[in-house]
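**Student:** Sequence and predicted model, in that order:
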Amino acid sequence: RAVALSVALVSIAYVVLFVPPNLTGARDANMLAAFQVDEWVQYPYVMHMTTPGQTVGETLTNALVYEHYIYGYPFYLTSALAILPLRLVAGFVPLEATNAGTTANLLVLRQLSSIFMVIAVALLTYCWTGFEHLGRTLGVFLFLLITPAVFDNNLWWHAESLTMVFVALTIFALQRDNLRFGRWFVVAAIACGLGAATKLVGFWFFLAVAVYLAFGWQHDGWRPTIKRAALFAGLMAVTIVVTNPLVIVPSFAQQIVAIQRSQAAHIALGWDTIAPRGPVPWYRETLRITFGFWWVYLLALGACIWAAVADQERRRLATITLAYVLPYALYLFFFVAAKPARYFFPVMLPLLAALGYEAL
């Protein structure tokens with residue numbers, strides 16, 4: 001409890017730290033274009049979502065048809081709910097008349113990044129430390145939070161932090177389930193579905209879930225394993241549909257698929273110019289600057305491998321982590337040319353959390 005309280009206090013201080021910088025550069029909606037182009041693009045959509053229509057049907061349409069299908073509906077829904085109280089107080093004035101409220105709206109939206117990231121990092125830290133040792137827990141927790149990539153991501157409003165909550169929750173839930181295939185297994189499936197529904201990252205748990213099911217197969221055989229796999233896939237699919245209801249409407253589904261294909265083509269080649277791929281360009285241009293030098297990754301990777309081989313208590317956690325981050329890392333290295341550090345969050349944060357492994 002003392003360790004958990006310490007983590008909570010550090011988390012509050014960390015989130016408050018970003019309030020002053022997140023108040024800047026948002027005097028009006030157009031100013032966002034000079035500082036964060038992505039925010040400038042996203043902001044009108046969340047404003048439209050929180051604008052009442054003349055009828056109930058029009059209001060629901062505004063809330064559901066969010067139109068910016070690069071990211072999934074969970075990102076825009078949480079963003080809309082976060083600023084809804086401010087929109088209510090302001091009388092739901094239209095975008096062009098909200099200069100006075102833009103700063104407050106963007107502050108709330110940007111603070112979501114730090115809040116969600118703290119939750120994700122706390123879950124990953126707990127997986128490896130169990131909050132049993134104050135120094136080791138706070139050391140890993142703070143190390144992950146002050147990496148340049150994470151720190152920088154807290155200074156804007158984007159989908160990565162929310163996505164990391166779902167990634168961390170999937171890993172956490174699988175660990176807590178402990179091969180019981182009970183309610184935590186259900187939570188893992190739903191979290192994985194939310195990760196897929198928000199930014200497709202949940203699909204990269206395919207190998208990790210297969211490995212987890214294989215652990216259960218060793219004890220229970222094929223028939224229960226097949227049922228569990230079907231349950232996980234079914235819950236994940238239902239979660240994706242429920243949290244992205246437009247995918248069941250053919251016209252919207254076609255738009256979503258087309259935009260996702262276009263997005264994939266852009267990141268595969270590079271946004272402005274055709275960029276080189278591979279571990280070396282990624283390391284030189286991005287990773288060493290934003291996540292630390294190569295030996296830090298090697299130490300975390302070694303901890304995962306050692307735990308998977310020699311530690312009965314942490315074996316499943318280490319194996320699940322490796323089965324998730326390694327395929328995803330290979331995809332990023334060899335199939336993605338655009339190199340923003342945030343693309344590596346789902347790889348680096350679960351991996352670097354292994355620095356809290358007590359055998360170190």
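**Tutor:** Right, received. Where do you want to start?
**Student:** Okay, buried residues for the lowest-mean-pLDDT helix or strand in the chain please.
**Tutor:** The helix or strand of the chain with the poorest confidence is helix 32-35; it has a mean of 78 (mean pLDDT, DSSP states H and E). The neighbour-count check on helix 32-35 (16 or more other Cβ atoms under 10 Å) flags residue 32 as buried. In this view, the C-beta of every residue, glycine as well, is placed from N, C-alpha and C.
**Student:** buried ones in the helix or strand just after that helix?
**Tutor:** The helix or strand immediately downstream of helix 32-35 is helix 37-49, counting by DSSP states H and E. By 16+ other Cβ under 10 Å, the buried positions in helix 37-49 come out as 39, 42-43, 45-49.
**Student:** Skip the chain neighbours and tell me the closest residue to residue 141.
**Tutor:** residue 125 (4.7 Å; Cβ to Cβ, 6 or more residues apart in numbering).
**Student:** Tell me how many other residues crowd that neighbour.
**Tutor:** 28 (other Cβ atoms under 10 Å).
**Student:** and the host helix or strand of it, how far from the chain's centre?
**Tutor:** Assigned by DSSP H and E, residue 125 belongs to helix 99-129. Offset of helix 99-129 from its chain centre (Cα atoms, centre = their mean, to the nearest Å): 11 Å.
**Student:** So which elements touch that helix?
**Tutor:** Contacts defined by 3 or more Cβ pairs under 8 Å, 6 or more residues apart in numbering; DSSP states H and E place helix 99-129 against helix 2-17, helix 19-22, helix 37-49, helix 73-89, helix 134-146, helix 148-153, helix 160-177, helix 345-352.
**Student:** As JSON lines, these with mean pLDDT and distance to residue 188 would be great.
**Tutor:** Shown next, in JSON lines, are these (pLDDT from 0 to 100; distance: least, Cβ to Cβ, whole Å):
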{"stretch": "helix 2-17", "mean pLDDT": "96", "distance to residue 188": "22"}
{"stretch": "helix 19-22", "mean pLDDT": "94", "distance to residue 188": "32"}
{"stretch": "helix 37-49", "mean pLDDT": "91", "distance to residue 188": "29"}
{"stretch": "helix 73-89", "mean pLDDT": "94", "distance to residue 188": "17"}
{"stretch": "helix 134-146", "mean pLDDT": "95", "distance to residue 188": "21"}
{"stretch": "helix 148-153", "mean pLDDT": "96", "distance to residue 188": "24"}
{"stretch": "helix 160-177", "mean pLDDT": "97", "distance to residue 188": "4"}
{"stretch": "helix 345-352", "mean pLDDT": "97", "distance to residue 188": "14"}
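**Student:** Take those helices and write them to a markdown table, including distance to residue 324.
**Tutor:** As requested, the helices and strands packed on helix 99-129 are exported to a markdown table (distance: least, Cβ to Cβ, whole Å):
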| stretch | distance to residue 324 |
| --- | --- |
| helix 2-17 | 24 |
| helix 19-22 | 31 |
| helix 37-49 | 26 |
| helix 73-89 | 20 |
| helix 134-146 | 16 |
| helix 148-153 | 18 |
| helix 160-177 | 7 |
| helix 345-352 | 7 |
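**Student:** nearest to residue 313, of these?
**Tutor:** helix 160-177 (10.4 Å; Cβ to Cβ).
**Student:** From the rest of the structure, what touches the next helix or strand after that closest one?
**Tutor:** Following helix 160-177 in sequence order, the next helix or strand is helix 183-199 (DSSP H and E). Contact with helix 183-199 is made by 71-75, 159-160, 162-163, 166-167, 169-170, 173-174, 176-178, 201-203, 205, 209, 228, 231-233, 235-240, 243-244, as judged by Cβ atoms under 8 Å, 6 or more residues apart in numbering.
**Student:** how distant is stretch 116-131 from the center of its chain?
**Tutor:** 13 Å.
**Student:** Could you pull out the buried residues of it?
**Tutor:** So stretch 116-131, judged by 16+ other Cβ under 10 Å, has buried residues 116-129, 131.
**Student:** And residue 6, how far from residue 122?
**Tutor:** Residue 6 is 11 Å from residue 122, where distance means Cβ to Cβ, to the nearest Å.
**Student:** Give me the common contacts of these two.
**Tutor:** Here residue 6 and residue 122 share no contacting residue, scored by Cβ under 8 Å, 6+ apart.
**Student:** Could you count how many residues lie near the spatially closest residue to residue 343 that is not a sequence neighbour?
**Tutor:** Of all residues not flanking residue 343 in the chain, residue 332 sits nearest, at 5.9 Å (Cβ to Cβ, 6+ apart). Using other Cβ under 10 Å, residue 332 has 21 other residues around it.
**Student:** show me what contacts residue 332?
**Tutor:** Contacts of residue 332 by Cβ under 8 Å, 6+ apart are 282, 343-344, 347.
**Student:** Most neighbours of all the residues you listed, which one?
**Tutor:** Neighbour-wise, the contacts of residue 332 (other Cβ under 10 Å) top out at residue 347, 25 neighbours.
**Student:** my read: it touches residue 331, true?
**Tutor:** No. Assessed by Cβ atoms under 8 Å, residue 347 is found out of contact with residue 331, at 9.4 Å.
**Student:** roughly how far apart are residue 81 and residue 211?
**Tutor:** Look at residue 81 and residue 211: by Cβ to Cβ, they are 35 Å apart.
**Student:** who's more crowded, these two?
**Tutor:** More crowded of residue 81 and residue 211, by other Cβ under 10 Å: residue 211, with 17 against 12.
**Student:** name the element the more buried one belongs to?
**Tutor:** helix 206-220.
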